[in-house]
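>>> structure for this input, please:
(one chain, ligands or ions: 1)
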Amino acid sequence: MSKIVVVGSYVVDLTARTPHMPKPGETVLGGPFRMGPGGKGGNQAVAAARMGANVTMVTKVGKDLFGDDAIHNFKKEGIDSGFIYQVENESTGAALIAVDDSGENMIVVSLGACGTITEEEVLKAEAAFHEADIILVQLETSMDAISTTINLAQKLSKSVILNPAPYQEISDELLAKVNYITPNETEAGLLTGVEVTDEDSARKAAEILLEKGIDTVIITLGKQGCYLLQQGESAGKIISGYQVQAIDTTGAGDAFNGGFAHFIAEGEPVEIACRKANAVAALSVTKHGTAPAMPYVEELKGLVQLGTGPVVQ
Ligand code: RIB
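Next comes the predicted model:
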């Protein structure tokens, strides 16, 4: 069984459907409201666990109802919650999410407790890092937690996947220690200064990231799939996504990252891991919500890649 440590955010998602995204100053009469577990770290942990990974989550929540719920939910998913810190002085974070009729989303995330994870709190999980096949981290927490995670992984010779979401500035020194980076088009643009609009611009952005010392760059391209370029390759490639009826695209990137981490930890070649992660992401957008929408491994079986037949065994 693959072993993964996820260091990152847990927040409560407060989601309203809306016929269209409000303009500044506009109030829109929305549709149904939903509340559920979220945060990029938590979502990725659930995605990996539902694929069959043994996951340890490192995060922080408040001593409040939302915090109690978080621990309950992680335990229900079979995720090791021994490093989920519950503190008095911060409240559990929350994300305000609007999802329009096409399934697109806009998010404001207020990190609360998970934005204050300290170096010491990450280091306490060193034994779990030791046993892990892969370490997965995002940019949705404190830079202290992010840098400690990457440095500890490097010290223990563990591979790190950095999902640079949401974008925040990160030093080239840290990027050089990352093995896999998985920005979406927007994040790739912010990291490199190259506006990613097509395969050619994805290649240019990916080359800049490789020059920083990262081994493998995967730029996620929404329903188109992802663009993969690795050190030593002269050409990258687009790995096609799956065509599905999207209900809610929130958390699709998290589904990709959790799935990708699991398949890489299982020893799959990068291209196959990308293909399967595309399938995890596609299935996630066919349901409402984020963590609750992550598919189970059985759902992957039989999903067919358009044009080329079944690729997920
Ligand atoms: O990637 C989706 C997630 O981003 C949501 O669950 C929300 O919590 C925000 O953090």
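
>>> any stretches of the chain with poor pLDDT?
When residues are selected by pLDDT under 70, those of the chain lie in 302, 304-313.

>>> residues in contact with the closest residue to the ligand within it?
Nearest residue of the chain to the ligand (Cβ to the nearest ligand atom) works out as G38 at 2.8 Å. (Each C-beta comes from the backbone N, C-alpha and C, glycine too.) Residues near G38 by Cβ atoms under 8 Å, 6 or more residues apart in numbering: Y10, V11, V12, D13, A95, I97, G251, G289, T290, A291.

>>> of these, list those near the ligand.
V11, D13, A95, G251, T290 (Cβ under 6 Å from any ligand atom).

>>> so which of those comes closest to C274?
G251 (18.1 Å; Cβ to Cβ).

>>> could you report the neighbour count for the closest residue to the closest one other than its chain neighbours?
Using Cβ to Cβ, 6 or more residues apart in numbering and skipping the chain neighbours, the partner closest in space to G251 is T290 (3.4 Å). By other Cβ atoms under 10 Å, 31 other residues sit near T290.

>>> contacts only, for T290.
Neighbouring residues of T290 by Cβ under 8 Å, 6+ apart: D13, G36, P37, G38, N43, T250, G251, D254.

>>> same thing but at 6 Å, please
Residues near T290 by Cβ atoms under 6 Å, 6 or more residues apart in numbering: D13, G38, N43, T250, G251.

>>> what's the closest of those to L283?
For these, the minimum distance to L283 (Cβ to Cβ) is 11.4 Å, reached by G251.

>>> okay, now the closest one: neighbour count?
Neighbours around G251, by other Cβ under 10 Å: 31.

>>> help me confirm that it comes into contact with N43.
Yes: between G251 and N43 there is a contact under Cβ atoms under 6 Å: 4.9 Å.

>>> tell me which stretches of this protein form helices.
40-51, 65-76, 119-123, 126-131, 143-155, 172-175, 185-192, 199-211, 252-265, 270-284, 297-300 (DSSP state H).
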